[in-house]
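> here are the coordinates; sequence isn't available:
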């Protein structure tokens, strides 16, 4: 009876929590559910530190320099606690800095599984050394690292220019692990004095620091005794939740100064402009994965994902800072002048104008160690390469995943799925994926199907497969606690759940009611989870079923800040240490499961809401629970741009907005915007009216159809961009300054963007807009309207009148973009269709581009080099195709159907030359638009050929 009563109480509370969550979603985020810096005790402590009062100095006598590694002890003169500094020069113009306690009371967490391997090092050599510090060479005489001993400070210089300073404002802090005072045995003062005397006489741990003063363990203990304990160090309460903090205070902090820099970017995820704002007058930017309903805009509060990477940029250089820490992290950004912070030994080596602008960035995390990578560029592409060498590149997605995705919470049953699928055919709108949310399961038991509404899932999937379409079903990481549920029983029997602070299985409330949370930090758990995606384990699944990981921050409805208690246990670590890794591990295990089920042949597709550095290796992300508001449409652009800068290219926002109901104009504009963002999915809340693309009248259906068809025509270009992102780490969707790094006018633009190098897009994101101002960059360059082919000069602000049908898109002069203009019901149906080449001439009459082709879904492009990669070049009135990969092998049935040359002149004849000989081609020239159209070259897309204009 007691058990029955308890389960009913749990259900009542769960229903109440669900109602509150829905109400919060309707009204917008309840900010009281989430901490400010003042409510996060370590953040508050760190922010109260005074500037330029660093207690740390370097003990130069402890310096050891090997071929590629410097170690050095630092001492805190206030408490005598010693730290160990490790410094590495890495390949690719990077420097790594690690700081840990020299003798910690227990091990401190170091982030695993994010780096793709141990970063290769390069030799470090000493240039000079004196009592003030040392100078190290970073490869050239001009590129040096200056270490100042007292106070401790690092400066990276290039010639006479300071590129970056570490601890220039004296904000290094390291809360050492310590025993709790009120748990120690109390010894009388007499015995204590005797013990001190004995230690002083016989201690073998006496060391001399650089000042010749002896420092002992006793001195450290005395220093610790003098330290005042502050509220929140050993226990912290937020609302009704108590964090027991059994290990006490453990936070860390370090500041970086960037002379000459006024623009910094990155550290997603925030609903914020592309250029980060200073935080002096408000909270720092917070990095702590949280389930935030209908988030506020232009706010530094944490959202679903956290990538602790910040980029700085000016007209001379781009650099990056990667703070490798998975605990709750805050980032303060301040504007300064360089002359105020330059001091110490670096003054002997470099100078900075006293009035030069400077941006100061300070990171502080609740636990772990300081492990930071300084990426020195100097070009934007160099920083992308450097970061990719550390954490990997964007996974290469199946081609079909770049098409359109139709989703809502929820499609009701198999008949509903069939009807929606048929609706796309009836209205001639292509799509590739239909999605199922949590209601498709048996009572929110993942890896199952609702027997009443989805009795024959394989029949449903075969029906989609017959049309060459696919499905995504949700699999969340909270597991219903139910003795009749196989997944729960196996995880419990294998002891693979996260534990609470008392050692029992951690339980919280989520969609199923009471739920357990698998410990994905455990490799055994990840391997078991991956095995559950096998076709014989995941009943009803087929090869055209893919996966969506939601709620993986993790979301705990009755937890502090709607997430897991920080004193929950993952093996030997607290949840506070690993929190921001949880979502990455869930997506990692799921992606591995999809790969394994095919015997390692097929590429996976996994969408995740929570993410961290390295998540790009495992699939796509989206911007979470947005709203059907114009502001949310507009903010989707800088949010995805910020993610692209830190390696995550496969980004999109819920088209139409998840919450609330979009009017026809907003919905059309959102489709037009989403069609030019990497991940293109419409999604809607359970309580919103249906909004399939044909439900808003024939005129709006036609506008949406046109936007989706534009997406499908450009799929060859999208696929090529993702191939390059996978190979190089360069973002698919990128800010203008990435391609125009010296054009100051581009540094703050975030309402337009580039796709690769060749397409510029300025979506219409204002209600009732009759025109947009588009900045066309590039002195001496030209741009072509992608719809009218009208030519415009670069380096200008162009006013573009718009109607509801307008999507301002421009092709860069000097580029060649392949398209497939025969639009069919899905991307797979277009596999063998012909290409049309859009050749946009530069003012010099030249252009270049590429075609990339493979099977679109397997790893054979990588493992067996089965792909086609060709260079397209136009010069001297000749268009040619040449092989970029002589050792690859692949065949295609696609051919070149048409060539459009924008900005061209009318020739007297056009000739095609191939290995089989020459022949004349038909053509027409439109003098009004200066467009030459060449009809049916008819050559295979994988062959060598040349078209001559005479």
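Looks like it came in fine. Fair warning: this is a prediction, and the values are worked out from it, not measured in the lab.
> quick one: the strands in the stretch 551-700 of the chain, in order.
Counting by DSSP state E, counting those that start in this stretch, one finds strands in the stretch 551-700 of the chain at the ranges 569-570, 573-574, 606-608, 620-622, 651-652, 654-655, 680-682.
> which residues sit against the second one?
For strand 573-574, contacts defined as Cβ atoms under 8 Å, 6 or more residues apart in numbering pick out 109, 246, 247, 367, 521, 566, 567, 568. Where C-beta positions appear, they are placed from N, C-alpha and C, glycine not excepted.
> and of the strands of the stretch 551-700 of the chain, who's closest to residue 36?
Minimum separation from residue 36 across the strands of the stretch 551-700 of the chain (Cβ to Cβ) falls at strand 573-574, 22.4 Å.
> how far does that closest one sit from the chain's center?
25 Å (Cα atoms, centre = their mean, to the nearest Å).
> and for stretch 469-485?
25 Å.
> mind listing what's buried in that stretch?
469-482, 485 (16 or more other Cβ atoms under 10 Å).
> same thing with stretch 760-767?
Buried residues in stretch 760-767 (16+ other Cβ under 10 Å): 760, 761, 762, 763, 764, 765.
> tell me the bridge partners for the first one.
Each beta-bridge partner of residue 760 is listed here: residue 754, residue 810, as defined by DSSP bridges.
> list the contacts of stretch 520-530.
Here stretch 520-530 has contacts from 477, 490-491, 494, 496, 518-519, 570-571, 573, 578, 581-582, 585-586, 588-590, 592-593, 596, using Cβ under 8 Å, 6+ apart.
> now restrict those to buried residues only.
477, 491, 496, 518-519, 570, 573, 578, 581-582, 585-586, 588-590, 592-593, 596.
> how near is the nearest residue to residue 682 once chain neighbours are set aside to residue 459?
Spatial nearest neighbour of residue 682, chain neighbours left out: residue 655 (4.0 Å); criterion: Cβ to Cβ, 6 or more residues apart in numbering. Applying Cβ to Cβ, to the nearest Å, the value for residue 655 to residue 459 is 29 Å.
> with neighbour numbers in mind, choose between these two.
residue 655 (32 against 12; other Cβ atoms under 10 Å).
> list the contacts for the more buried one?
667, 670, 671, 673, 674, 680, 681, 682, 683.
> and residue 511, what does it touch?
438, 444, 476, 478, 551.
> ok, of those residues, which one's closest to residue 330?
residue 551 (24.1 Å).
> tell me the contacts of that closest one?
Neighbours of residue 551 in contact, by Cβ under 8 Å, 6+ apart: 291, 476, 477, 478, 510, 511, 609.
> what is the nearest of the contacts of residue 511 to residue 132?
residue 551 (53.9 Å).
> quick one: the closest one from residue 291, how far?
Distance from residue 551 to residue 291, by Cβ to Cβ: 7 Å.
> can you check residue 629 too?
20 Å.
> picking up where we left off before, nearest to residue 720 among the buried residues of stretch 469-485?
residue 470 (21.6 Å).
> correct me, but that closest one touches residue 541?
No. The pair residue 470 / residue 541 is not scored as a contact, 11.9 Å apart, by Cβ atoms under 8 Å.
> my read: residue 433 touches residue 471, true?
Yes. Under the criterion of Cβ under 8 Å, residue 433 is in contact with residue 471, at a separation of 6.5 Å.
> now the common contact residues for these two.
Common neighbours of residue 433 and residue 471, counting by Cβ under 8 Å, 6+ apart, are residue 546.
> low-confidence regions, this structure specifically.
1-27, 183-227 (pLDDT under 70).
> mind redoing it with 50?
1-26, 185-206, 210, 212-214 (pLDDT under 50).
> could you chop it up by domain?
Annotated domains of the chain cover 45-175+248-391, 399-738, 758-949 [the TED database].
> adding distance to residue 745, write those out as a markdown table.
Shown next, in a markdown table, are those (distance: least, Cβ to Cβ, whole Å):
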| stretch | distance to residue 745 |
| --- | --- |
| domain 45-175+248-391 | 11 |
| domain 399-738 | 9 |
| domain 758-949 | 6 |
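> tell me which of those sits nearest to residue 236.
domain 399-738 (8.5 Å).
> stretch 469-485: end-to-end distance?
One end of stretch 469-485 sits 31 Å from the other (Cα to Cα, to the nearest Å).
> one more: stretch 366-378?
Note: stretch 366-378 ends 32 Å apart using Cα to Cα.
> report the buried residues of that stretch.
366, 367, 368, 369, 370, 371, 372, 373, 374, 375, 376, 377.
> what's the offset of stretch 458-467 from the middle of its chain?
The answer for stretch 458-467 is 33 Å, by Cα atoms, centre = their mean.
> so what's residue 689 closest to, chain neighbours aside?
residue 661 (6.0 Å).
> just want the phi and psi numbers for that neighbour.
With angles defined as degrees, to the nearest 10, residue 661 sits at phi -120, psi 120.
> before we move on, what about residue 498?
Torsion angles, degrees, to the nearest 10, at residue 498: phi -60, psi 140.
> any idea how far it is from residue 571?
9 Å.
> over to residue 522?
6 Å.
> and if you look at residue 310?
With Cβ to Cβ as the criterion, residue 310 and residue 571 are 30 Å apart.
> how about residue 259?
Relative to residue 571, and taking Cβ to Cβ, residue 259 is found at 43 Å.
> next: residue 545.
32 Å.
> for the closest residue to residue 538 other than its chain neighbours, give its distance to residue 589.
Distances taken as Cβ to Cβ, 6+ apart put residue 447 closest to residue 538, at 5.3 Å, once the chain neighbours are dropped. Note on residue 447: its distance to residue 589, by Cβ to Cβ, is 13 Å.
> list the buried ones in stretch 916-934?
Applying 16+ other Cβ under 10 Å to stretch 916-934 flags 921, 923, 929, 930, 931, 932, 934 as buried.
> what about the nearest residue to residue 232 once chain neighbours are set aside, how many neighbours?
The shortest distance from residue 232 to any non-neighbouring residue, by Cβ to Cβ, 6+ apart, is to residue 41 (2.5 Å). When neighbours are counted by other Cβ under 10 Å, residue 41 registers 24.
> what does residue 383 give?
Using other Cβ under 10 Å: residue 383 sits among 28 other residues.
> how about the contacts made by it?
For residue 383, the contacting residues are 311, 318, 319, 320, 375, 377, by Cβ under 8 Å, 6+ apart.
> return the closest of the residues you listed with respect to residue 124.
For the contacts of residue 383, the closest approach to residue 124 (Cβ to Cβ) belongs to residue 375, at 17.3 Å.
> how about the helices of the stretch 551-700 of the chain, start to end?
575-578, 582-597, 630-645, 664-674, 698-713 (DSSP state H, counting those that start in this stretch).
> meant to ask about the stretch 701-850 of the chain
For the stretch 701-850 of the chain, applying DSSP H, counting those that start in this stretch gives helices covering 715-728, 736-739.
> check which helices and strands the longest one sits against.
So that's helix 715-728. helix 380-391, strand 753-755, strand 815-819, strand 847-853 (3 or more Cβ pairs under 8 Å, 6 or more residues apart in numbering; DSSP states H and E).
> apply 6 Å and report the result again.
Applying 3 or more Cβ pairs under 6 Å, 6 or more residues apart in numbering; DSSP states H and E, one finds that helix 715-728 makes contact with strand 847-853.
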